[in-house]
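okay, sequence plus prediction incoming.
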Amino acid sequence: MTSKAILLVLILYFHAGLCLAMSGRGGPYFISKSNTYKKQVGGVVTLPCRVDNLGNSTVIWKSVNSNRIISAGEVIIRKDVRFRLTEGYNLEISNLKRSDAGEYVCEIETYGSPLDQTNTLEILVPAYVEPQPTDGKFVVRKGSTITLSCRATGNPLPTVTWQRKNNVLPSGEKSKKGLSMVIRDVTRHHAGTYTCTANNDVGEPHTAEIDLRVLYSPEIEVDQSWIRTPDGIEAEVSCNIHSEPKAEVKWYKDTMLLDPTNTRHMQVYGNRHVLTLKNVKETDFGNYSCMADNSLGRERRTIVVSGRPHRAEILSPNLGFKKDTYNLTWTVDSFLPIEEYRILYRENLPLYHAIEKNRPGRTSEAHRTSNKSPRFLDAQPSEWTEPSEWTNIIPQIPQRKGKNSDDYTMIGNSFSYTGNFVFYGLKPSTEYEVIIQSRNREGWSDATDIFRFNTRSQDYNPLEQPYQHQGYFSGSSTPILSSATAILAIWSTIMMKFSFD
């Protein structure tokens, strides 16, 4: 090839390269990519802007949200020390604020239209919650319907969970989600401290408290007890008073306002107001009442202090030692001597219904069912077994001996009386029901709850059982030394022999 031909080829290659350059295919371009960045308040973020073949073009950073220029080339224009360029044109923002969230554009100024790349910055804000009202105090009257609410902020939007300090929520749940919680027909039991906790998994959860105070007129619960002391018997009358605001409390006997004396003490233990009658005498018997008064109303409850016996306490075990006898032992607290006992007992018959032999799909075997959870199949009520009738027993109380046997004065400081009765002719492996009442000169006591005992199918090791005489009843004012049935039976036998002597 001649030198002229070679020169012509070089000229053509140079012209092609010049045309290519003028066409823009050799201009600047991005080697980074657009992205979304999530950073927490106070953190640092680097938004990339990596450009190749920049030439004499200029890189500009702009904030879309504020519509402000941050930098041009290598110079930071934005008057904020938190902004700087790193490793070329990457934009670093430190000590992030919530207002920094938004879109940031890296733009390249060229001879033609500018090139740009957008990065999105999302600021994560820890959850924050505040009560409504902001002081956390909520006062409401009983019977109202209220809405407890908390205002929660953060990014992402937090979830709010309700709880109640040292208690469950009015709905019975331990916790509940939502910005608010409705409580209908508010009562004093709804008062307390409620907490709303906001959490969005950014930082630690945040908690606020609402102190709910319920205003209501006094509500009273009464109780009475007897106390034995070395100096005599004390009667303790108590009124458990709930009220908001706090109530003023006064004690009365019938219509007479009471004041403290040497034998009449008045004490307060929180909500419990106690009236103690020292060394009780029959003249102290009567109607005692506590009256509570606050700005919303007044309430009065009465307690009768009398010498009527207390409800008996049965000490015998539920399972006897014999197949046909049972030793029933009990104790009664009574200010006055016991004059009479009443024992009701009956066989506790299970409910049965017969199955006819020829009924399809049935057998001739009788089906036993529980009287608490009956499963009667398809039997009619007329087929059920009726409960047995109660048998009424009035046992004879042995005559007291001594100079005080004909009157009703206290013998020393005795207050507990014991009774014992042996049932004979019982059915083996059978359950029986018993109710006991006691009477003194002031009247009958309340009946005991139904007590159930069972006989055995066979006697329990006769060598270990005390010798049994014919059925008897014994009573005494001596305190019980042991609740073991064998000891009580021996003791009853001795008392019976002593009363016969």
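Looks like it came in fine.

list the buried ones in stretch 219-228?
E219, I220, W226 (16 or more other C-beta atoms under 10 Å). To be clear about C-beta, it is placed using only N, CA and C from the backbone, and glycine gets the same treatment.

residues touching the second one, list them.
Listed by C-beta atoms under 8 Å, 6 or more residues apart in numbering, the contact set of I220 reads C239, N240, I241, H242, C290, A292, E299, R300, R301.

quick check, L96 in a strand?
No. Assessed with DSSP: H, G, I helix; E, B strand; the rest coil, L96 is coil; it does not lie in a strand.

surely it and T46 touch.
No. If you go by C-beta atoms under 8 Å, L96 and T46 don't touch, sitting 11.6 Å apart.

so which of these two has more stuff around it?
L96 (19 against 16; other C-beta atoms under 10 Å).

excluding chain neighbours, what is closest to the more buried one?
Setting aside the residues directly before and after it, L96 is nearest to G43 in space (C-beta to C-beta, 6 or more residues apart in numbering), at 5.2 Å.

and for R301?
I220 (4.3 Å).

quick one: mean pLDDT for stretch 299-312?
Regarding stretch 299-312, the rounded mean pLDDT is 91.

between the two ends of it, how far is it?
Terminal residues of stretch 299-312 are spaced 32 Å apart (C-alpha to C-alpha, to the nearest Å).

next structured bit after the helix or strand bottoming out on mean pLDDT in the chain?
Here the helix or strand of the chain ranked lowest by mean pLDDT, DSSP states H and E is strand 367-369, holding a mean of 37. Elements were assigned by DSSP states H and E; along the chain past strand 367-369, the next helix or strand is strand 391-393.

buried residues in that next one?
Neighbour-count burial for strand 391-393 [16+ other C-beta under 10 Å]: I393.

repeat for stretch 163-173
Q163, R164, L169, P170.

let me know the pLDDT of the residue nearest to the third one when sequence neighbours are not counted.
Take L169 and drop its neighbours on the chain: the residue closest to it by C-beta to C-beta, 6+ apart is K176, 5.8 Å away. For K176, the model assigns a pLDDT of 95.

check contacts around K176.
Contacts of K176 (C-beta under 8 Å, 6+ apart): T161, W162, L169.

do the same with R298
S217, P218, M291, A292.

picking that back up, taking the buried residues of stretch 163-173 one by one, which sit in strands?
Taking DSSP state E, the ones among the buried residues of stretch 163-173 that sit in strands are Q163, R164.

as CSV, the buried residues of stretch 163-173 with distance to L315 and pLDDT would be great.
Putting those into CSV (distance: C-beta to C-beta, whole Å; pLDDT from 0 to 100) gives the following:
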residue, distance to L315, pLDDT
Q163, 46, 96
R164, 43, 96
L169, 43, 95
P170, 43, 93
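
from the contacts of I220, list just the buried residues.
C239, N240, I241, H242, C290, A292, E299, R301.

partner strands of the longest strand seen in the chain, with direction?
In the chain, taking DSSP E as the definition, the longest strand is strand 206-229. In the sheet, strand 206-229 lines up against strand 137-141 (parallel), strand 192-199 (antiparallel), strand 232-244 (antiparallel) (DSSP bridges).

could you list the buried residues of the first one?
This means strand 137-141. Using 16+ other C-beta under 10 Å as the test for burial, strand 137-141 gives F138, V140.

can you report how many residues lie near the nearest residue to S66 once chain neighbours are set aside?
Leaving aside its chain neighbours, S66 sits nearest to G102 (7.5 Å; criterion: C-beta to C-beta, 6+ apart). With neighbours defined by other C-beta under 10 Å, the count for G102 comes to 14.

what sits against G102?
For G102, counting by C-beta under 8 Å, 6+ apart, the contacting residues are S63, V64, N65, S66, T120, L121.

please apply the same query to C150.
Contacts of C150 by C-beta under 8 Å, 6+ apart are V129, E130, P131, Q132, V160, L179, S180, C196, A198, A208, I210.

just to revisit the earlier point, ok, the residue nearest to S66 to I70 distance?
12 Å (C-beta to C-beta, to the nearest Å).

so how far is L212 from E299?
22 Å.

repeat for P245
15 Å.

out of those two, which sits in the more crowded spot?
Neighbour count, other C-beta under 10 Å: between P245 and L212, L212 has more, with 20 against 10.

thinking again about what came up before, okay if I get the buried residues of stretch 163-173 as CSV plus distance to K33?
CSV is the format used below for those (distance: C-beta to C-beta, whole Å):
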residue, distance to K33
Q163, 46
R164, 51
L169, 50
P170, 54
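
just the C-alpha atoms of the longest strand of the chain, please, in CSV.
Provided in CSV are the C-alpha atoms of strand 206-229 (Å, rounded to 0.1, in the frame of the first residue of the first chain):
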residue,chain,number,x,y,z
HIS,A,206,-42.0,3.9,75.0
THR,A,207,-44.6,3.9,77.7
ALA,A,208,-47.1,6.4,79.1
GLU,A,209,-49.4,6.1,82.1
ILE,A,210,-53.0,7.2,82.8
ASP,A,211,-54.2,7.2,86.4
LEU,A,212,-57.9,6.5,86.4
ARG,A,213,-59.8,7.8,89.5
VAL,A,214,-63.4,6.8,89.9
LEU,A,215,-65.7,9.0,92.1
TYR,A,216,-68.5,7.1,93.9
SER,A,217,-70.6,7.2,97.0
PRO,A,218,-69.6,4.9,99.9
GLU,A,219,-69.9,1.1,99.5
ILE,A,220,-69.7,-1.0,102.7
GLU,A,221,-69.0,-4.7,103.4
VAL,A,222,-69.6,-5.8,107.0
ASP,A,223,-68.2,-8.7,109.1
GLN,A,224,-68.2,-9.8,112.7
SER,A,225,-66.0,-12.1,114.8
TRP,A,226,-65.5,-13.3,118.4
ILE,A,227,-62.1,-13.3,120.0
ARG,A,228,-61.1,-15.1,123.2
THR,A,229,-58.7,-13.2,125.4
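
what mean pLDDT does stretch 151-160 have?
94.

compute the first-to-last residue distance for it.
9 Å.

which parts of it are buried?
R151, A152, T153, G154, N155, P158, T159, V160.

can you check stretch 194-203 too?
Y194, T195, C196, T197, A198, N199, N200, V202, G203.

go on, stretch 55-72?
S57, V59, I60, W61, K62, S63, I70, S71.

quick one: the last one and C49 touch, right?
In other words, S71. No. Using C-beta under 8 Å, S71 makes no contact with C49, being 9.7 Å away.

what touches both of these two?
V59, W61, Y89, L91.

centre of the chain versus stretch 145-155, how much separation?
24 Å (C-alpha atoms, centre = their mean, to the nearest Å).

V434: what's it in contact with?
Counting by C-beta under 8 Å, 6+ apart, V434 has contacts I314, L328, I343, L344, Y345, T448, I450, F451, R452, F453.

just checking, H189 is part of a helix?
Yes. Counting by three-state DSSP, H189 is found in a helix.

report pLDDT for it.
pLDDT, read off for H189, is 94.

how near is it to T195?
18 Å.

could you do S94 as well?
36 Å.

could you list the low-pLDDT ranges of the protein?
1-26, 350-386, 398-414, 462-501 (pLDDT under 70).
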